[in-house]
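Undergrad: sequence and predicted structure, then a few things I'm wondering about:
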Amino acid sequence: MQKKTCLSFWAASLALFLCLSASIADRAHAQAKHVLTDDEGKSVPLQTVIGRQISRGPIYVVIPVAYVFGLGDERNPHYCSPSVVIANSSFAVVEELVIGIEYRNSTGQIVGSSASRFEGIKVQREDTHHFYQLATSSCKGVEGKLSVLRCKYSTGMDCSKDVEAISFGAIPLRTK
């Protein structure tokens, strides 16, 4: 008799344990399902959910230095030559960044433009493109307007909105 009571106690305990385990698993599954669906109830890949939750951080474009080259004579006049630096302060590798910069002097005249393609900029690293020849004999008073033509992280996500122009340096930049 005592053996039957002990056996039924263990059977009841096991049944209770299995019910609780199933309940916890159902709750976890329901929460996971909620996370992996969008507002319309459609399934969303885990990589997409993870990618949305990671804060990207900025990708800075700056012209810290600009040089004046040329001999200053008729055959070899002076010209301004900026160095464009991209600093990846985000938490993802920038697979490709294509930018355009339009340069204007202090009177508002266009003195040049450039298009640059940067690729494979790792996290917390920078890349530099040098020596665009502008049609001005001095770098003083020159400003640049930045256009982001294309930006893509290594995850495939667009990073155009993460690119920021720095208004300090040899040639201040502004976003177009």
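TA: Ah, there it is. Numbering: from 1, shown residues only.
Undergrad: who are the contact partners of the residue most central in space within the chain?
TA: The centre of the chain sits closest to residue 159, judged by Cα atoms, centre = their mean, with a distance of 4.4 Å. Taking Cβ atoms under 8 Å, 6 or more residues apart in numbering, we find residue 159 in contact with 56, 59, 90, 92, 94, 97, 151-153. Every C-beta, even on glycine, is put in place using the N, C-alpha and C of the backbone.
Undergrad: distance check, it against residue 108.
TA: 31 Å (Cβ to Cβ, to the nearest Å).
Undergrad: quick one: the strands in the chain?
TA: Using DSSP state E, the strands of the chain run over 59-69, 79-88, 94-104, 110-121, 126-129, 143-153, 163-169, 173-175.
Undergrad: can I get the ones you listed in JSON lines including mean neighbour count and mean pLDDT?
TA: Output for the strands of the chain, formatted as JSON lines (neighbours: other Cβ atoms under 10 Å; pLDDT from 0 to 100):
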{"stretch": "strand 59-69", "mean neighbour count": "19", "mean pLDDT": "95"}
{"stretch": "strand 79-88", "mean neighbour count": "21", "mean pLDDT": "96"}
{"stretch": "strand 94-104", "mean neighbour count": "20", "mean pLDDT": "96"}
{"stretch": "strand 110-121", "mean neighbour count": "16", "mean pLDDT": "95"}
{"stretch": "strand 126-129", "mean neighbour count": "15", "mean pLDDT": "93"}
{"stretch": "strand 143-153", "mean neighbour count": "18", "mean pLDDT": "97"}
{"stretch": "strand 163-169", "mean neighbour count": "16", "mean pLDDT": "95"}
{"stretch": "strand 173-175", "mean neighbour count": "16", "mean pLDDT": "96"}
